[in-house]
Structures are given as structure tokens and as C-alpha cells.
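Engineer: with the input below, show me the fold.
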Amino acid sequence: ADCYVHKGFWDSYNQIRTDLWQIVENYRSAFGAHIPIQITGHSLGGALAAHCALDAKLSKGIEPQLVYTYGQPRIGNQKFALFYRSMINVHYRVTFSHDPVPHLPLEDMGESVTFWHVATEVFYETHPNGTYRVCDGSGEDEHCANKFPVVDDLVLHTPDH
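Structural biologist: Below you'll find the model as predicted:
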């Protein structure tokens, strides 16, 4: 109720959905339905991974063992993010320094929706193999990637993606 997702990410997921689930079913037929499902993606693939995880739970009755995304954009509003968190037990959304993609879509795009990240963010501030911070679980922790000005990241820090 009142959940909203970004139409472009949703449409992109639906373009691959049938083929993806056919591959998963083939895999499970060959190796057994007991094999854990782990879902991962980078950037747009992170957005699709989140949709895939929720689809697995709601449509296929499959509980993903874990979901790891890297440089994932926001895919829905806060109500969606809260619903997602209630459905998916383990999702780590890894962000790095000034990567601009996690700032997109902007929280307020001037539409009737405010975009919000799914939790839980794991933030690497200075080096992708260095120390990290597990953020507060809100999806928009001001001490993690969200602390950097969006305009600076979009203009100056595209290589961080």
C-alpha cells in the first residue's frame, strides 16, 4: 500500500524476468531446490537484483540467502524500502566514497514521490578494500554516502563508480 518503484528499473527487471527465472529453475532442477540462492548486482544490476530478490520471495516462494549490491541507485519510495526490508532478511548495499550512482534518482525529483534507499548500507569512504562502516539501517544515513553533496559527486566523481 502506497509503495512506489521507479518505472525504468521496474520495466528493466520485467524485460529479463522470464529468462532469468527459467535459468534459475534449470539450475534448481539440475542441482536441487535446496541450493541457496544468492543475488548480486552492480549499478543498474543492483536495482535489478533488489527487484529479483523481492520477486523471488513474493512470486516464487524462494528466500534469498543474501543480496549484495554495489553502487545501487534508489529504486522506490520509503514505504517500498520498509516493505522490502520486512521481506528480505539479508541485503547489504555497498557504496564507495563519492560514487554518484547511489544518489540517483535524487531523493526529491520534483514528482509526487520521494526516492529512498533499501537498507543496509556498507560504506567504504577511502579505499574499496579498506575499512568500512555498516550504516544505521535507515537507507539514508547522513554519516555514509549520503553525507557528500550530490552535485559534487555527479560532476566530479564519476570515476568512483
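
Engineer: any idea what Val122 is bridged to?
Structural biologist: Judged by DSSP bridges, the bridge partners of Val122 are Val94, Val134.

Engineer: can you pull out the helices in the protein?
Structural biologist: For the chain, applying DSSP state H gives helices covering 7-31, 44-59, 78-87, 150-156.

Engineer: which one of those has the poorest average confidence?
Structural biologist: In terms of average pLDDT, helix 150-156 trails the rest of those, at a mean of 59.

Engineer: how much space between the residue in the chain sticking out farthest from the centre and Val24?
Structural biologist: Of all residues in the chain, Ala30 has its C-alpha farthest from the mean position, at 28.6 Å, by Cα atoms, centre = their mean. Separation of Ala30 from Val24 (Cβ to Cβ, to the nearest Å): 11 Å. Glycine gets a C-beta too; all of them are placed from N, C-alpha and C.

Engineer: try Val5
Structural biologist: With Cβ to Cβ as the criterion, Val5 and Val24 are 21 Å apart.

Engineer: between those two, which one's more packed in?
Structural biologist: Val5 (21 against 16; other Cβ atoms under 10 Å).
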